[in-house]
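S.K.: Below are the sequence and a predicted model; questions follow.
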Number of protein chains: 2
Amino acid sequence: MAKASFDPQEFRSALSTFTTGVTIITTRAENGDPVGITANSFNSVSLNPPMVLWSLDKSAMSLSAFTNNKHWNVHILSTEQEALSGRFASRGEDKFKGLELDQGINNIPLMRNCTARFNCRTAFMYEGGDHIIFVGEVLNFDKTDLPPLAFQSGQYALAAKKPREGVQLSATPPPECSYTEDLLGYLAGRAHFQLVASLRNLLQSQKLDEQQFFILSVLSIQDNLTLDEINGFVDYTGNSVSEAEMEKLQEYDLVVRVNKDNDSRYLLTGNGRDASVKHIALAKAVEEQVIDQLGAGEVEALKFLLKRLIKVTDPGLPDLWSSGEEKNVKTSA
Amino acid sequence: MAKASFDPQEFRSALSTFTTGVTIITTRAENGDPVGITANSFNSVSLNPPMVLWSLDKSAMSLSAFTNNKHWNVHILSTEQEALSGRFASRGEDKFKGLELDQGINNIPLMRNCTARFNCRTAFMYEGGDHIIFVGEVLNFDKTDLPPLAFQSGQYALAAKKPREGVQLSATPPPECSYTEDLLGYLAGRAHFQLVASLRNLLQSQKLDEQQFFILSVLSIQDNLTLDEINGFVDYTGNSVSEAEMEKLQEYDLVVRVNKDNDSRYLLTGNGRDASVKHIALAKAVEEQVIDQLGAGEVEALKFLLKRLIKVTDPGLPDLWSSGEEKNVKTSA
């Protein structure tokens, strides 16, 4: 193991592998000014009496406020409050600017939209090397359903909770077989197809196949495209769109073709937009059901990880949204 | 907020929203027996001198060991060590049975395959309500690259770290458009198609399309299927397999049809198995690249969340793996 006289950098990095939540702890200075700092050194201590602790750097500007004022509030931040965490971690003036506050005990600032909040009164202040350990008795607390923000190895993080029963897709462990249910490609494919399957009844009632659904989706994001441009967005699915397919969509009165300066561009008709809006509404309804069953924090983490996966496997697709903006500018010019 | 005289259950639940890692802390009793407990009340305190803390229930059987022996080791558990966490959280005898240990300072048990480990000597023991707060000076430590296990709201969790730069797929924020890059269905689809796209060159070199790739994958997991059985596994993709397609695979000498008691079953030929093995090898290589770029913990969390998504959106697919086992039993009988 590392030498007794070890590198603070390495020590910090080893400590930071311990995952924590993120809190903001508030009090008031002697002049009444609100004071708040971001801390992840929070932890629970005692159930009876109810006590929590956290530690503060002896060189912190807020030290005197916390040693003088026995009352302070701990806010367990939600995933929406990452920016707030950054604000209170910095030395900026007026960190509370624009924040709506609730009324805490002794008028200690109490912030909103947190996962949980604790009103505390200092029970002990203990020596802790270059920090002071504050142990507080919890006088009051409350809790919301907002998923909590996490912190690990110097980065914010989203936690994906593991249900006690675990998750296994196949009833029995896979037999000796190099293709297992644990293969990322299999999981991504099955997730995709099952989500599309949840749209299938709607698509059938609209007499649309998945390819047509895909085309309408592209045009709903970015209208006024040539066939080549449409295929630029569809190619990566392995299918390409033919004139004939576009003609079918015109027959259904979902798409209209506009010829100008010898290239033809496709636009959604009112019907086409209505059809697409129905797809999106259903997709969002399915997503809501998934959130109900997995939890908002889990779905947030899943989307986040899918975006990271897409980023690192992106073959260099054209940007469906931003280039759309450029075109809107062009055409409106 | 909650009344000052509040429900311990609610209090515990509010506290548990603060995410933590999971540690096992070890020492030796006066008789030399190894002692260890699971604790998530760990936290860092001081950088200089290097100090950490954790708190122990005054009613814990291990209290005397930790108050008598000044030396103890903190193990930050990796995601692989969930079972170990459970073992040391229970009151079972001989928790160390079968564990390979390294040599810690003063012969304190030092476990393997952790994310980080700290050799500590008690600097202070502090009063903390129904707990004792142990503050230890860190004498030694080490660290691996194993992703750490997390704990939130009473459940184990996997943390998905958020890179400082964030993740956005489209260069500019999406215009006012109800179809956004944040739609779960879009993200799952794009992730799937990009992963398949990474196989496309291989498939083309094998003169295979994605449908044929899918059929070979099914047969590589579960051989000796009728066309109906194959379609039972393929239906949810929206495509169905025809006799003609199976004949093509026979022409390519990838699949062979066996007729017995008037039903025909399909099996992979040696070539078919080779082709499928190449697909799986490439899929695993792509997954390794993703792990290199996202991190092992992130990919573990992603797979876990995809499995949960698949579970809750499963239209009731036949179990590709377990039913395969039954058939193997049948056919080998």
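M.R.: Received the coordinates, thanks. Residues are numbered from 1 along each chain as shown, chains lettered A, B, ... in the order given.
S.K.: Isn't A:I280 up against B:L184?
M.R.: No. Under the contact definition of CB atoms under 8 Å, A:I280 does not touch B:L184, with a separation of 11.8 Å. Backbone N, C-alpha and C define where each C-beta goes, glycine included.
S.K.: Tell me who's in contact with A:D130.
M.R.: Applying CB atoms under 8 Å, 6 or more residues apart in numbering or on different chains to A:D130 gives the contacts A:57-59, B:46-49.
S.K.: sorry, back to before: who has more neighbours, A:I280 and B:L184?
M.R.: B:L184 (21 against 18; other CB atoms under 10 Å in any protein chain shown).
S.K.: Got the confidence number for the more buried one?
M.R.: With respect to pLDDT, B:L184 scores 95.
S.K.: separation between it and A:Q293?
M.R.: In this view, B:L184 and A:Q293 are 13 Å apart by CB to CB, to the nearest Å.
S.K.: per-residue confidence for A:G36?
M.R.: A:G36 carries a pLDDT value of 97.
S.K.: what's the helix or strand for the residue nearest in space to the middle of chain A?
M.R.: For chain A, A:E300 is the residue whose C-alpha lies nearest the centre (CA atoms, centre = their mean; 4.2 Å). In this structure, A:E300 is located in helix A:296-313 according to DSSP states H and E.
S.K.: ok, and for the top helix by length along chain A, which residues are buried?
M.R.: Under DSSP state H, the helix in chain A containing the largest number of residues is helix A:270-294. For helix A:270-294, a neighbour-count test (16 or more other CB atoms under 10 Å in any protein chain shown) marks A:272-273, A:275-276, A:279-280, A:282-283, A:286-287, A:290, A:294 as buried.
S.K.: ok, back up a step: can you list the contacts of A:D130 in CSV and add secondary structure and distance to A:L158?
M.R.: Compiled in CSV, the contacts of A:D130 are given as follows (DSSP: H, G, I helix; E, B strand; the rest coil; distance: CB to CB, whole Å):
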residue, secondary structure, distance to A:L158
A:D57, strand, 27
A:K58, coil, 33
A:S59, coil, 32
B:S46, strand, 29
B:L47, coil, 27
B:N48, coil, 32
B:P49, coil, 34
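S.K.: Just the buried subset of those, please.
M.R.: Applying 16+ other CB under 10 Å to the contacts of A:D130, the neighbour count classes A:57, B:46-47 as buried.
S.K.: Strands of the stretch 151-300 of chain A, residue ranges please.
M.R.: A:155-161, A:255-260, A:263-268 (DSSP state E, counting those that start in this stretch).
S.K.: quick one, which of those is nearest to B:A39?
M.R.: strand A:155-161 (18.5 Å; CB to CB).
S.K.: And that closest one, what's buried?
M.R.: Buried residues in strand A:155-161 (16+ other CB under 10 Å): A:156-161.
S.K.: cool, and stretch A:210-228?
M.R.: Within stretch A:210-228, the residues that count as buried by 16+ other CB under 10 Å are A:210, A:212-225, A:227.
S.K.: ok, is it in contact with chain B or not?
M.R.: Yes. Between stretch A:210-228 and chain B, judged by CB under 8 Å from any CB of the partner chain, the touching residues are A:210, A:217, A:220-221.
S.K.: and those residues, which of them are in helices?
M.R.: A:210, A:217, A:220-221.
S.K.: Tabulate the residues you listed in JSON lines, adding columns for pLDDT.
M.R.: What follows is these, written out as JSON lines (pLDDT from 0 to 100):
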{"residue": "A:E210", "pLDDT": "89"}
{"residue": "A:S217", "pLDDT": "92"}
{"residue": "A:S220", "pLDDT": "90"}
{"residue": "A:I221", "pLDDT": "87"}
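S.K.: From A:A14, how far out is the closest residue to A:S55 other than its chain neighbours?
M.R.: Spatial nearest neighbour of A:S55, chain neighbours left out: A:H131 (4.1 Å); criterion: CB to CB, 6 or more residues apart in numbering or on different chains. A:H131 sits at a distance of 18 Å from A:A14 (criterion: CB to CB).
S.K.: And for A:L101?
M.R.: As for A:L101, its distance to A:A14 is 37 Å (criterion: CB to CB).
S.K.: Check A:D261 too.
M.R.: Following CB to CB, the distance that separates A:D261 from A:A14 is 65 Å.
S.K.: More neighbours: the two, which one.
M.R.: A:A14 (23 against 4).
S.K.: and that one, that's in a strand?
M.R.: No. According to DSSP: H, G, I helix; E, B strand; the rest coil, A:A14 belongs to no strand; its state is helix.
S.K.: ok, now which ones touch it?
M.R.: B:116, B:118, B:141-143.
S.K.: Report the buried members of the residues you listed.
M.R.: Buried positions within those, assessed by neighbour count (16+ other CB under 10 Å), are B:116, B:118, B:141-143.
S.K.: Now narrow those residues to whatever sits close to chain A.
M.R.: Those of those which are also neighbours of chain A are B:116, B:118, B:141-143, as judged by CB under 8 Å from any CB.
S.K.: can you put those in CSV and add pLDDT?
M.R.: Putting those into CSV (pLDDT from 0 to 100) gives the following:
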residue, pLDDT
B:A116, 98
B:F118, 98
B:F141, 96
B:D142, 96
B:K143, 97
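S.K.: In strands only, show me the residues you listed.
M.R.: B:116, B:118, B:141-143 (DSSP state E).
S.K.: ok, A:I24 - contacts?
M.R.: A:36-39, A:74-75, A:77, A:84-85, A:88, A:111.
S.K.: Format those residues as JSON lines; extra columns: neighbour count, distance to B:P8 and secondary structure.
M.R.: Formatted as JSON lines, these follow (neighbours: other CB atoms under 10 Å in any protein chain shown; distance: CB to CB, whole Å; DSSP: H, G, I helix; E, B strand; the rest coil):
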{"residue": "A:G36", "neighbour count": "24", "distance to B:P8": "28", "secondary structure": "strand"}
{"residue": "A:I37", "neighbour count": "24", "distance to B:P8": "29", "secondary structure": "strand"}
{"residue": "A:T38", "neighbour count": "19", "distance to B:P8": "28", "secondary structure": "strand"}
{"residue": "A:A39", "neighbour count": "24", "distance to B:P8": "24", "secondary structure": "strand"}
{"residue": "A:V74", "neighbour count": "25", "distance to B:P8": "18", "secondary structure": "strand"}
{"residue": "A:H75", "neighbour count": "28", "distance to B:P8": "21", "secondary structure": "strand"}
{"residue": "A:L77", "neighbour count": "28", "distance to B:P8": "24", "secondary structure": "coil"}
{"residue": "A:L84", "neighbour count": "22", "distance to B:P8": "29", "secondary structure": "helix"}
{"residue": "A:S85", "neighbour count": "19", "distance to B:P8": "29", "secondary structure": "helix"}
{"residue": "A:F88", "neighbour count": "24", "distance to B:P8": "30", "secondary structure": "helix"}
{"residue": "A:M111", "neighbour count": "21", "distance to B:P8": "25", "secondary structure": "strand"}
